[in-house]
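*Asks:* Sequence and computational prediction follow.
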Amino acid sequence: MKKFLSPCLIALAMLTCAQAQQEPAAEPAPAAAAAPKAAAPMPSLDVILNPEAVELLSSLPVQEQGRVKPLDTLARFRLLRFSGKQSGIAATRIDEESGKVVPIDDPATGKPLLNADGKPCKFTAMEWLLVSWFRPDIAKELNVFIVDNSDAITELSLPAKQKRDRYSFNAVQPARQALMEKMTEIRAIAMKDRTPVQRALGKLAMDYLEYEMILGHFDFARPEFTQFAASLPPEIAPTVKDGIPDWAAFLPKAAEHLKANPQLFSDPTSVPWLAQVVQIMLSAQMSGDSESFPRFFPPPAEQKEVWHNIGTIMSAALKTNTVSAEDAAHLKRFEDLFAAANSGDAAKYIAAVTATRDDVEKLAAARNESGHVAMELSYHRFDYFFKALLCFVFGSICLGLSWVSPGTGWSKVSTYLCVAFSVAGATLGTVGIVIRCLIMERPPITTLYETIIFITATGVILALIAELMTKKGWALTVASLAGTVGMFLSIRFMTMEGRDTMEQLQAVLITNFWLATHVPCVNLGYAVCMVAAIFSAIYVIMRVSGGLKPGDSSARELTRLAYGFVMAGLLLSLVGTVLGGIWANYSWGRFWGWDPKENGALLIVLMCLVILHARLGGYIREAGFHNCTIFLGMIVAFSWFATNQLGIGLHSYGAMEGAWKWLYIFWGSMTVLIIIGTALSLASREGKQSGKSKGRAQSLPHDAAEGAA
Amino acid sequence: MPKPLFQPLRGFALLCLLIPACNRIEDRVEITESREVSKFAQPPLNGATSDERFIPALRELGLIDKPAAQQAPPPASAFREFLDWTAPEGWTDAGEDPMGMRMVDFRFGPAKEGECYISLMPGSAGGKEANLNRWRKQMGQPDFTAEEIAALPEKPFFNRTGTYAAFDGEFKKMGAAEAQKGYRLIGLIHSAPQATIFVKMTGPKDLVESQAAAFDQFCQSIRPRQ
Amino acid sequence: MTPAPQPKSLGSLVLRFFSSFGLATVVLALLLLHTFLGTLEQVDHGLFESQKKYFESFVVWDIDVGCCLRAMHIPSGNFVMPVLLPGGFTLMVLLAINLICGGIMRIVKRLNKARAEGVNHNILRFTGLVIAHGSMVFMLLAGLVSMYWKKDGAAMLSEGQTTEEFQSFHDTAIEIQQLSPAPAEGQAKVWVIDGSLFKDLKADAQSGKGRTFTQPDLPFEIMVMNYEVNCFPRKPESEETKRTVVDGYYLQPVAESPEQEKNIDGAYVKITHPDKRVETGILWRYANGPLTVTSGDKTWGISLGRKTYKLPFAIRLDDFQREVHPGTERARKFTSQITMLQDGQEHKKIITMNEPLRSQGYAVFQQSFDMSQRADGTMAERSQLEIVQNPSDHWPLISCVAVGIGLLIQMGSQLTRFLSRQSLPPATPNKAVS
């Protein structure tokens, strides 16, 4: 993030500065300055959002964050970061007079923007990206920036909407200077010390700058140089036609000019046309962080595996004084694409898109770097985890319905439906995970996000297996509950992170053997312990609501289930933790480094052992055991999320804002359950004083009682 | 009936008390450990003076200034190459601001507690008033009134003039938990539609007052790099 | 469990205490607490310090509550709570005793009893538990062995450079070496004063206190004083300074860094020659050369630094390669191509992430790299290799496999019984469990 901010801000700040300085100079001919923008061609949305073309461009391979992915993925996560959602950006605004939602007007025609059905347009991520590229005037009207705290907007002296609402580029535009200024201020404050407003402002500033670049991605093909016709050096002027440079010829000449005038290097912004080149170059890179550049063009086979885009081609050309034949072809490709989009001829546009995509695919295939574009595209489109969430929600509803009239045929049907939905949800989750593995060619868990989907899916499956064995309905409740909460959490987490969930790994982690053993083992341990904790939470809730009496068969059933899961959790966590130690020992020579994440796993093992031995020793009984298991759940939450938020150690990946709030909500509710449970156990102890010797080991599983004897 | 955990705990406390204290080492010890010198090892410097032994590492650690000849060229920041200036005596350059906010950043005073830096922002950066009042806020002071601002002196600056402000207060550094009392701020702002340039000096009152002349001289020296 | 109370011998009482579930529960719970606190305190105090305080200690004297709360994002001031708790080391020893006494002995005893009574018990279950407990003891033992006998350190090599030594990560030592006349090759010897012998001589603890080190082969005695964990030599700004100034420098202590690796230690030494001549000097870990002491026609160098260990072979770095994920700074692979030199033979080897070189009880890992500027201004990459010698290297693996097998056996037998009971008609609880 920091890396992103610095160069981006400085470069843009300098550019605006230079432009502002330059504008007064152009004052004698104000019309000339305004003219090029108005004259820029404005293709209709029907053409640029032609379904066939969108489809083709969705599957255009692009290299970003070290990975080849479909352009669709890139668009999705850019939009997710800006707006908090992956699609469904409506081209609407609130009418000031009537307060109604009305479609935005097409700035080119002045007419409301409607789709073929006469309704306001709603864009998918890919469509939004294309609108931003080819119709920035419309894109600037779209409400894409989510602001979590409207005080941030007020701070910019802009009219605020709801507490959490979306704003368009044009809505923020008037406060651009104030925003940049705020950003410089905020950046001096450490991340953790920032107030919610500062965080919202920081995010808005970064998103704004990045969106500005996306909007300007095709500026290189727009007549941006009309106003510089007179000021261009004579040797460069012939390479610009109608305000659009012939870049393959222009860049080497510009590079030579720079070399001949080295003072320009120190301050390229002092010369307006040069400032324009730099701005176009930055926009064509589409990000302030080189790792996030969308790179469209695979280099020839013998070159390094870093792909290029228009911006990197331009910066390389300015350094080397030449534009290679391949790069010239790439420039031509995107120029043609832009021209075709603006031609208003859908067939021409589709042909250009097809040509570009085929060329890129061929080049990528020649390097054996095609990725799994088609698979990834369908993975994101199918949205496995959202569908799994729906299944679990329906399952939970069915389960709730089955409780309405227990014992009837209605209840039976509802239960079966719940089982069916849970199985469907688990299957969807599993398939989703498997597809992710296939795309990344990697075992299932490499990021915090992936732990959530893995733990949820396995937790549900294990609970369903337990249900199969017990058929009492308890485990089914756990399955629906865990599935719903887990899948919801996964979606929420992805939104909060706002970046591609399929990430490339750091060197030390790239070892499929350990990623396939230690990591799933530990995470299964988390899943199993969490399931145990949910059983115990159900126990306490049922006790309070009077649905359970201590020591009755249902209570013992629940206890046995929870106990079985704690034991399984012990095995998995212990083996997983030790395997992690062995990995560390074989990979970097130390078995145990007291790293927070390692300690977290150890905490779980120790808690399981404490429960086991306290039980064997007779220090805890039914209610006490469930209290301990709920506490185990709290420890799992600590190990799972909190250890990553401490900001220290090897595993400090996945740190994010807002995680602590959720953790404290979870811990708080679990603590309430423990307090209730303790009260219950104290109460029951009073009542049981008389039957002391007989009832002591009453509800313990067989061997536990035996061991204690 | 759950068993009390008290019994084992009592045993435990006893055990803790029994843990012996560490052994003491004698005041005279014979060296018994030795090792062979590797044939690949670099022979150590013989007869190096204290300066020769310490200065290279101290320099590396940034604990002493590098000699002029060895001083690395200033980092190629776009800002730094944009302007030129003459640093007053006794001011040390704090180097590139990692946040990128301060173009040139100086420290002065016995414990280097005084700061003076130039920052440049695109556009009017909210205007002169907003920025002056931002400074007021940083020093825990109420905003200037319009009349007060109008009454502020102008000083020649950057081929034009800049608004000069000087006031005392409790300085709260960005991100710092507590304000420092008895501080003084001197600042000069030149605000134009294209860009706004600030020079700001903060530090303990006495120190800042003693450097006020140096501040003026420094502001005078700031010019666009030729 | 509830036989008629009868007088017991002290021995059986002690055994009962050490084998009790209560002790196991308390020890495990305390270990849990220590692990939790030790994790949180790392945020302010660093790994090394909290590891020492909670995990490698005999007693824990206080808890930095303020730090723990801050680590959990709860705003709080500074509050250190004095406590008296057994330290991690004590707990692990107790756990081992408990495992041996309680776990294994009890199970074995019960097994014998069951046999004697002819009760039909599932032997597998006990086997599982015995294996699990036994292997836990073994794992603790592995930890103990590595705590005391593991040597680890690093060697930084530029391409073409050879070494047969490595520097400890944490251990400090003062070394005394004859510089001139240079001894013949193979006879050069360095006298070593281990850090444990002078690290207690901190200026604040025993002001002015020193310790004298002697060696018959050395023509002088060395007194080490005022050891500082983190310091740097500084020129006094005024004439008057309370500190000892030697050759224009004194050692300026600085606050200790939580990251142990960042501390630069130093100390004063006082050299007493046989003719009662006394000279003082400053030792500093980052010094560019040793303190030179002349005695007669010989000179000696005294230096303070990380302890040096010798490898049974030499390593020459032939090439270092660094790969990143395309278009990013994210590392994909570091590889050192090295040559192992031993007894005049050369072996080409490759060390990369997750694939160390193992030979003669030593393991050489690719740790990291750094870039440094050469004299001609070009950048040179240096590869940092981590070198570990750990006698209990493979014990955890054996133990892990055994624990896994033990617990699986245990759980398997439980699951079988659980399932078999499922199929039975519901029995009265007491019958089923007692």
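*Replies:* Perfect, I can see it now.

*Asks:* In its sheet, which strands sit next to the helix or strand where residue B:198 lies, and in what direction?
*Replies:* In the assignment (DSSP states H and E), residue B:198 maps to strand B:195-204. Partner strands for strand B:195-204, per DSSP bridges, with pairing direction: strand B:114-122 (antiparallel), strand B:180-191 (antiparallel).

*Asks:* Please spell out which residues along the last one are buried.
*Replies:* Think strand B:180-191. Within strand B:180-191, the residues scored as buried using 16 or more other Cβ atoms under 10 Å in any protein chain shown are B:183-191. Bear in mind the C-beta positions are built from the backbone N, C-alpha and C, glycine included.

*Asks:* follow-up on the earlier one: and the strands paired with strand B:195-204 as a markdown table, adding distance to residue C:387?
*Replies:* Shown next, in a markdown table, are those (distance: least, Cβ to Cβ, whole Å):
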| stretch | distance to residue C:387 |
| --- | --- |
| strand B:114-122 | 45 |
| strand B:180-191 | 48 |
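
*Asks:* Which of these comes out lowest on mean pLDDT?
*Replies:* Confidence, taken as mean pLDDT, is least for strand B:114-122 of these (a mean of 78).

*Asks:* just checking, what packs against whatever helix or strand comes next after it?
*Replies:* Downstream of strand B:114-122, the next assigned helix or strand under DSSP H and E is helix B:127-138. Under the contact definition 3 or more Cβ pairs under 8 Å, 6 or more residues apart in numbering or on different chains; DSSP states H and E, helix B:127-138 sits against helix B:146-151, strand B:160-171, strand B:180-191, strand B:195-204.

*Asks:* swap the cut-off to 6 Å and go again
*Replies:* strand B:180-191 (3 or more Cβ pairs under 6 Å, 6 or more residues apart in numbering or on different chains; DSSP states H and E).

*Asks:* burial measure for residue A:295, as a count.
*Replies:* 24 (other Cβ atoms under 10 Å in any protein chain shown).

*Asks:* do residue A:253 as well
*Replies:* Residue A:253, neighbours per other Cβ under 10 Å, totals 19.

*Asks:* Now do the same contact list for it.
*Replies:* Residues in contact with residue A:253 (Cβ atoms under 6 Å, 6 or more residues apart in numbering or on different chains) are A:235-236, A:239.

*Asks:* Please name the nearest non-neighbouring residue to the residue of chain B found nearest chain C.
*Replies:* Closest contact between chain B and chain C, by Cβ to the nearest Cβ, is at residue B:45 (3.1 Å). Residue nearest to residue B:45 in three dimensions, not counting chain neighbours: residue C:289, with 3.1 Å by Cβ to Cβ, 6 or more residues apart in numbering or on different chains.

*Asks:* What pLDDT does the model give that neighbour?
*Replies:* 88.

*Asks:* quick one: it is in a helix?
*Replies:* No: using DSSP: H, G, I helix; E, B strand; the rest coil, the assignment for residue C:289 is coil, not a helix.

*Asks:* Contact residues of chain C facing chain B?
*Replies:* For chain C, the residues in contact with chain B (Cβ under 6 Å from any Cβ of the partner chain) are C:17, C:20, C:22-23, C:26, C:58, C:86, C:162-165, C:179-180, C:188-193, C:197, C:211-215, C:232-233, C:247, C:249, C:286-290, C:292, C:301.

*Asks:* among those residues, which ones are buried?
*Replies:* C:17, C:20, C:22-23, C:26, C:58, C:86, C:162-165, C:179, C:188, C:190-193, C:197, C:211-213, C:215, C:232-233, C:247, C:249, C:286-290, C:292, C:301.

*Asks:* Look at residue A:189 and tell me its secondary structure.
*Replies:* Going by three-state DSSP: residue A:189 is coil.

*Asks:* Phi first, then psi, for it.
*Replies:* In terms of degrees, to the nearest 10, the main-chain angles of residue A:189 are phi -100, psi 140.

*Asks:* Could you list which of the buried ones among the residues of chain C next to chain B belong to strands?
*Replies:* Among those, the subset assigned to strands under DSSP state E consists of C:86, C:162-165, C:179, C:190-193, C:211-213, C:232-233, C:292, C:301.

*Asks:* so where's the stretch 601-709 of chain A uncertain?
*Replies:* Low-confidence segments of the stretch 601-709 of chain A, defined by pLDDT under 70: A:649-657, A:685-709.

*Asks:* quick one, helices of it?
*Replies:* A:622-637, A:643-645, A:659-688, A:692-695, A:702-708 (DSSP state H, counting those that start in this stretch).

*Asks:* which one of these lies closest to residue C:152?
*Replies:* Using Cβ to Cβ as the measure, helix A:643-645 is the one of these that comes nearest residue C:152, at 24.1 Å.

*Asks:* Point out the other helices and strands that the closest one packs with.
*Replies:* Helix A:643-645 packs on helix A:596-616, going by 3+ Cβ pairs under 6 Å, 6+ apart.

*Asks:* Can you name every helix or strand that the helix it packs on contacts?
*Replies:* helix A:553-588, helix A:622-637, helix A:643-645, helix A:702-708, helix C:21-50.

*Asks:* tell me, which of these is the model least confident about?
*Replies:* Minimum mean pLDDT among the helices and strands packed on helix A:596-616: helix A:702-708, a mean of 38.

*Asks:* so where's chain B shaky on pLDDT?
*Replies:* In chain B (pLDDT under 70), the answer is B:1-25, B:65-83, B:95-102, B:121-126, B:158-159, B:172-178, B:193-195, B:224-226.

*Asks:* Would you mind confirming that residue C:303 makes contact with residue C:175?
*Replies:* Yes: under the criterion of Cβ atoms under 6 Å, residue C:303 makes contact with residue C:175 at 5.4 Å.

*Asks:* could you measure the residue in the stretch 201-350 of chain C positioned nearest to chain B against chain A, distance?
*Replies:* Closest contact between the stretch 201-350 of chain C and chain B, by Cβ to the nearest Cβ, is at residue C:289 (3.1 Å). According to Cβ to the nearest Cβ, to the nearest Å, residue C:289 stands 31 Å off from chain A.

*Asks:* ditto for residue C:111
*Replies:* For residue C:111, the distance to chain A - Cβ to the nearest Cβ - is 12 Å.

*Asks:* what is the orientation angle of the helix or strand encompassing that residue with helix C:21-50?
*Replies:* For residue C:111, the host element (DSSP H and E) is helix C:106-117. Helix C:106-117 runs at 160 degrees relative to helix C:21-50, counting by axes from the mean of the first three to the mean of the last three Cα atoms, to 10 degrees.

*Asks:* tell me the mean pLDDT over helix C:106-117?
*Replies:* Mean predicted confidence for helix C:106-117 is 73.

*Asks:* Just after it, pick out the following helix or strand.
*Replies:* helix C:123-149.

*Asks:* That next one vs helix A:553-588, what angle?
*Replies:* 40 degrees.

*Asks:* tell me the angle of helix C:123-149 relative to helix A:596-616?
*Replies:* Using the same axes, to 10 degrees: helix C:123-149 against helix A:596-616 is 140 degrees.

*Asks:* quick one: least confident helix or strand in chain C?
*Replies:* The weakest-scoring helix or strand in chain C, judged by mean pLDDT, DSSP states H and E, is helix C:429-433 (a mean of 36).
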